[in-house]
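Asks: got a sequence here, can you model it:
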Amino acid sequence: MIGKMNRQTVVHLILNAYTLDECSSAEEALTRWLTAHPEDLGLHELAGQLGIVKAAALERKAESAMKAAHLPALVPAGR
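Replies: Here you go, the predicted structure:
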């Protein structure tokens with residue numbers, strides 16, 4: 001993945017993740033970074049943001065699959 005990784009690279013991967021593949025790469029880099037730097041509270045906080053981005057990517061993928069299968073999207077009542 002990344003030969004020599006620094007904090008700025010990890011932050012960049014997290015903040016620019018959009019697809020599931022990008023989220024996976026960011027998660028891998030984050031895990032490696034936090035294993036080596038467990039005291040980095042800022043990146044612990046960014047992990048939560050990455051989780052939100054990954055959930056959105058999963059939702060987009062599911063919606064795309066439903067469209068491809070011609071299934072109605074699941075929309076909460078009131079929307």
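Asks: what packs against the helix ranked longest in the chain?
Replies: Counting by DSSP state H, the longest helix found in the chain is helix 41-68. Identification of packing neighbours for helix 41-68 by 3 or more Cβ pairs under 8 Å, 6 or more residues apart in numbering; DSSP states H and E yields helix 7-15, helix 20-36. C-betas here are computed from N, CA, C, even on glycine.
Asks: can you add mean neighbour count and give those back as JSON lines?
Replies: Shown next, in JSON lines, are the helices and strands packed on helix 41-68 (neighbours: other Cβ atoms under 10 Å):
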{"stretch": "helix 7-15", "mean neighbour count": "16"}
{"stretch": "helix 20-36", "mean neighbour count": "16"}
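Asks: one step back: next, the buried residues of the longest helix of the chain.
Replies: Leu43, Leu46, Leu50, Val53, Lys54, Ala57 (16 or more other Cβ atoms under 10 Å).
Asks: that helix to helix 7-15, inter-axis angle?
Replies: Angle of helix 41-68 versus helix 7-15, following axes from the mean of the first three to the mean of the last three Cα atoms, to 10 degrees, is 30 degrees.
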